[in-house]
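# got a predicted structure here, sequence first:
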Amino acid sequence: MEIVAARKEDFDEVFPLIQKLWSYNKYEEDATRQVYDRIVASPDSFAFVLKDGDRVIGFCHGDFFPTLWMCGLTCYISGIITEENRRRQGCGTLMLNHAKTLAQERGCKAMILDSGLPRLEAHRFYETYGFEKSCYGFEMKI
């Protein structure tokens, strides 16, 4: 398995994974592609794919931003997903390790993420990795 920076050309392989990030969301392909292209091009974001041979089996993206509560940069993992049949094989750990390295290289003081309430298996994975529950997440569509 290999981690490589995501490219615009990877979108067609990544989109099926993106669609599984939040089950209550309907992902319109063209709008999602536009956001994906901005993420891939942004110097304050990261996006990478996990490949097994020529096949994309995982995707992770996030942002680096300053926070007052950390008095410095924080790495926010906006999305991390592995093909369902590849879970519990170390793929998520490889991707989180890579994201952590990127965050450390940028000088981040913390790495944060949120996860949908029904994703109990993912929560166990994050806690086993070393994340701690630190807050409730809220959102409001506008």
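Here it is on my side, so go on.

# what about residue 33, neighbour count?
By other CB atoms under 10 Å, 17 other residues sit near residue 33. C-betas here are computed from N, CA, C, even on glycine.

# give the contact list for the nearest residue to it once chain neighbours are set aside.
Excluding its sequence neighbours, the residue lying closest to residue 33 (CB to CB, 6 or more residues apart in numbering) is residue 11, at 5.5 Å. Residues counted as contacts of residue 11 (CB atoms under 8 Å, 6 or more residues apart in numbering) are 33, 36, 37.

# now the strand or helix carrying residue 11: buried residues?
Assessed by DSSP states H and E, residue 11 sits inside helix 11-18. Neighbour counts over helix 11-18 (16 or more other CB atoms under 10 Å) mark 11, 13, 14, 17, 18 as buried.

# ok, the residues you listed vs residue 97, which is closest?
Compare each of the buried residues of helix 11-18 with residue 97 using CB to CB and the shortest gap goes to residue 17, at 18.6 Å.

# that closest one reaches residue 60, doesn't it?
No - using CB atoms under 8 Å, residue 17 is not in contact with residue 60; the gap is 9.8 Å.

# what is in contact with the two at once?
Contact criterion CB under 8 Å, 6+ apart; residues shared by residue 17 and residue 60: residue 81.

# what is the end-to-end distance of stretch 108-115?
21 Å (CA to CA, to the nearest Å).

# host element of the spatially closest residue to residue 129 that is not a sequence neighbour?
Among residues not flanking residue 129 along the chain, residue 96 sits closest, at 5.7 Å (CB to CB, 6+ apart). Of the helices and strands defined by DSSP H and E, residue 96 is found in helix 91-106.

# quick one: average pLDDT of that helix?
In this model, helix 91-106 carries a mean pLDDT of 95.

# coming back round to it: and which of the contacts of residue 11 is nearest to residue 86?
Nearest to residue 86, judged by CB to CB, of the contacts of residue 11 is residue 36 at 21.0 Å.

# Three-state assignment for the closest one, please.
Judged by DSSP: H, G, I helix; E, B strand; the rest coil, the three-state class of residue 36 is helix.
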